[in-house]
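Chemist: The sequence and its predicted three-dimensional model are supplied below.
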Amino acid sequence: MNLKDNRVRLLLNSINNSLAQMILVFFFYRNPGAIDTVEGLARWVGINPQEVKLALIELQQMGIVQKIGEGLSAVYCYQPDDLIRGVLDEVVIQLAREQEGILGPWPGGDVFCNSFLQESKV
Amino acid sequence: MQQFSTGVKGLDIVLCGGLRVGSSVLIEGAPGSGKTTLGVQTIVEGVKAGDPGIILTFEQFPDQIYRDSARYGWDLPTMERENKLKVICTSPQVINDQLLQVSGPINQLIKNIGAKRILIDSFTHFRRISMEETNLRELMFSLMNSLKQRGLTVLFTKEFSPVEAESFEEYLVDTIISLTYQETPTEGRRRLVEVLKSRGHEHLPGKHSFKFSSEGLQVFPRHLPQIDEINELKVLPGVLPTGIEGLDSLLGGGVPNGSNILLCGPAGVGKTTLSLQTIHNALQDRSRKAVLFLHEEMPEYILRRAESFGWDFRKFIEQGQLIIKYEDFIQIDIDEYLLKLNEMMQAVGPSLVVVDTLPTLMHNVSHDIQLVAEKIARLTRVIKYHRCNSLLISPSTFGAKQIGRFGFEESFCDGVIILGTVSFEDARKRHIEVYKLRNQKHITGLHRMEITEEGIRIFYVR
C-alpha cells in the first residue's frame, strides 16, 4: 500500500473519521454486487438514510462508489479503481485477521486505520 | 420444447426432464424450507452448463449466500470473478425502476454476462412497494415479461403464507414448486417437495421427500417412471435354489426367478438364519451376487452368526459377491431408500436381495397404512424390474391371525413362507409352510424344521 499517495491517505482518513463511510466501504467490499438507492443501502447497513447519503457523496468523490441516475431513484454501486481496490483489499484482510475472521461492522477499524496513518507519518 | 436441469437430483425426474427454458418459476415455502438453496442450485447448475446467471437478493446478504453455498461446494465468488454469475443485493424498488430502463445497470449486467437465468429472492419483498394486490400483480407481470423478453428463465422465491389460500403469483407463473417441512407422527419433521403446476410439460404428481445433501438439495421421487410406467413384467424362467435340504422340494425346485418372497414368523423361529443360509448357498455360484439390507442387527453380529454355522460371508464380501448395507431404521427415508435401491440394483445386478426386516424398513411411514402399502408395492416392483429374487422378512406376532406384521404385505409378494413353532412335550418344535407361491407347483402344509449346527433342515421327503 502506497501510504504517501494522497488518495490513499484521504481514503484512510475518511473512513477513519466517519463510521457511516467505514461501514459502507466494508458493506460494498463484502457485497460487491450491491446496487441500491440511499434508502435501500440505509436498510442494508442499518444506518439513518441522511447519514448514508452524506457518506455516499464522500465515497463517490473518492472513487469508491458510482452514482447512477438522479433524485430519489439514483442508485449507487461499488466501482473502485485498481489503486483503491488494492488499498481496500489490504485494509479488509488485515481487519479480518484482527477480528479473527469475523467481518463484523468494524469494531477496532479506527485503530487499524490510525496505525496506517501513524506509519505514514514516520 | 427445450428443458434444462435444475441440478437437483430427483427433481428433474419429478419435472419430467427439468424446467422449461425461458419460463417463469415460483418456488414457495415456509422459512427454512430450502427455497433459496433450490434457486441458487438451479442458477449454479446453469453456470456449470454454460448459462450465466444472476441472483437478486432483497434481504439476505450476498456474503451469507456465498457462505451457505460453499457448504455445497459452490464457489460463487469464483463464478463472479469469471463473469458467469452476479449476486446483487438491492431493493425491489430498484428492480422495478431499473428493469424498465434498457440502459440501467441491472440490464447492462444481464447483457454483459449474457445471463440466461435469474433468481429473485424473494418476490414477497415487493410488498414494500405496494400492499395492493392489483398493483403487485401488474408489477410481477411486467417484471416477468421484461426478463422473459431478454430470454431469461425467471425463478421467484416466495414466502409461504398460511393465510393465503392461493395467490396471484401462482396464476402468472408457468411452474410452481412448493416446499414444505411437515410434522409426521413417526419421523418428526419431513421435508417434502411438490410440483403444483408445470405449463407445457408433464410432472409427477404428489409430494416427494427431499433432503439437504452435501451437494445441495436431493429429491427422492415417489415414482420411478422407468419402472412405474411398465404395465407388465415378464415371468422369468428358472429358479434360484435355496440349497436348503427339503425346502427346495417344498418350493418345487427353488424360488422362481424374479420372485419376491415374504418370510414370516415370530421372533427366534429362524427367518434370518434361513435367509443367510440361502445367501450362502446361492453364492456358491461365483457368478451370483446378493445384497443384504439390515435394519435391526448390525453387520458384525450377522457375520458372526453366519460364521457360527460355518458360512464365510467375509469371503463373499471380499470377492465382491455380497454387499451388506446397514441403515438404522429411525434414519430411513423410504423414498430415498427406494431410489438408492434402484440405483444399486442397476449397478450391482444381484440375484438375491434380503431385507431384514420389512416392518423396520417401513417404520417411518408406519403411521399411514396406505403409505406402507404403496412403499411395499414399489419395493417389490423395483426388485422384480431388475429380475432379482428377494426374501422380505416380516416378523409376525405370537398368536396373531394375520400373516405378516401389517396384514397385507403378502398380497404384494409372489410367495409366502411361514415359519412357526408348536409346543410339544415341554419343548417347542419348529415348522415351515409354503403358504403361497405364484407360477410354480409347490407342496403345501406344515413341515418339521430344525436349526442344526449346519443350518436349517426341513423334514420333507418327496
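Modeler: Here it is on my side, so go on. Residues are numbered from 1 along each chain as shown, chains lettered A, B, ... in the order given.

Chemist: Write out the residues of chain A neighbouring chain B.
Modeler: Residues of chain A lying close to chain B (CB under 8 Å from any CB of the partner chain) are A:30-37, A:39-40, A:43-44, A:68, A:73, A:75, A:77, A:103. Any C-beta I mention is one placed from the backbone N, CA and C, and that applies to glycine too.

Chemist: Looking at those residues, which are in strands?
Modeler: Of the positions in the residues of chain A next to chain B, A:35, A:36, A:68, A:75, A:77 sit in strands, assigned by DSSP state E.

Chemist: can you put these in a markdown table and add distance to residue A:53 and neighbour count?
Modeler: A markdown table is the format used below for those (distance: CB to CB, whole Å; neighbours: other CB atoms under 10 Å in any protein chain shown):
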| residue | distance to residue A:53 | neighbour count |
| --- | --- | --- |
| A:35 | 16 | 26 |
| A:36 | 12 | 24 |
| A:68 | 15 | 18 |
| A:75 | 13 | 25 |
| A:77 | 16 | 18 |
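
Chemist: Pick the one among the residues you listed closest to residue B:310.
Modeler: residue A:35 (74.0 Å; CB to CB).

Chemist: isn't that closest one right next to residue A:76, touching?
Modeler: Yes - counting by CB atoms under 8 Å, residue A:35 does reach residue A:76; the two are 7.4 Å apart.

Chemist: Got the phi and psi for residue B:410?
Modeler: Backbone torsions for residue B:410, taken as degrees, to the nearest 10, come to phi -60, psi -30.

Chemist: what's the helix or strand for the nearest residue to residue B:147 once chain neighbours are set aside?
Modeler: What sits nearest to residue B:147 in space, not counting adjacent residues and going by CB to CB, 6 or more residues apart in numbering or on different chains, is residue B:154, at 4.8 Å. Here residue B:154 sits within strand B:153-159, counting by DSSP states H and E.

Chemist: Over that strand, what's the mean pLDDT, rounded is fine.
Modeler: Model confidence over strand B:153-159, given as mean pLDDT, is 93.

Chemist: ditto for stretch B:200-219
Modeler: Averaged over stretch B:200-219, pLDDT sits at 92.

Chemist: Grab the CA positions of the host helix or strand of residue B:272 and hand them over as CSV.
Modeler: Element membership of residue B:272 [criterion: DSSP H and E] is helix B:271-282. C-alpha atoms of helix B:271-282 as CSV (Å, rounded to 0.1, in the frame of the first residue of the first chain):
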residue,chain,number,x,y,z
LYS,B,271,-36.2,-66.3,9.5
THR,B,272,-32.8,-64.6,9.4
THR,B,273,-30.9,-67.9,9.5
LEU,B,274,-33.0,-69.2,6.6
SER,B,275,-32.1,-66.1,4.7
LEU,B,276,-28.4,-66.3,5.5
GLN,B,277,-28.3,-69.9,4.5
THR,B,278,-30.0,-69.1,1.2
ILE,B,279,-27.4,-66.4,0.6
HIS,B,280,-24.6,-68.7,1.4
ASN,B,281,-25.8,-71.5,-0.8
ALA,B,282,-26.7,-69.1,-3.7
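
Chemist: Which residues belonging to that helix are considered buried?
Modeler: Buried positions in helix B:271-282, judged by neighbour count with 16 or more other CB atoms under 10 Å in any protein chain shown: B:271, B:272, B:273, B:274, B:275, B:276, B:277, B:278, B:279, B:280, B:281, B:282.

Chemist: show me the contacts for the third one.
Modeler: By CB atoms under 8 Å, 6 or more residues apart in numbering or on different chains, the residues touching residue B:273 are B:305, B:309, B:451, B:455, B:456.

Chemist: Could you do the last one as well?
Modeler: Taking CB under 8 Å, 6+ apart, we find residue B:282 in contact with B:240, B:241, B:242, B:243, B:288, B:290, B:351, B:352.

Chemist: before we move on, what about the second one?
Modeler: Residue B:272 sits next to B:297, B:302, B:305, B:356, B:393 when contact means CB under 8 Å, 6+ apart.

Chemist: Once you drop chain neighbours, what's closest to the fourth one?
Modeler: Take residue B:356 and drop its neighbours on the chain: the residue closest to it by CB to CB, 6+ apart is residue B:393, 4.8 Å away.
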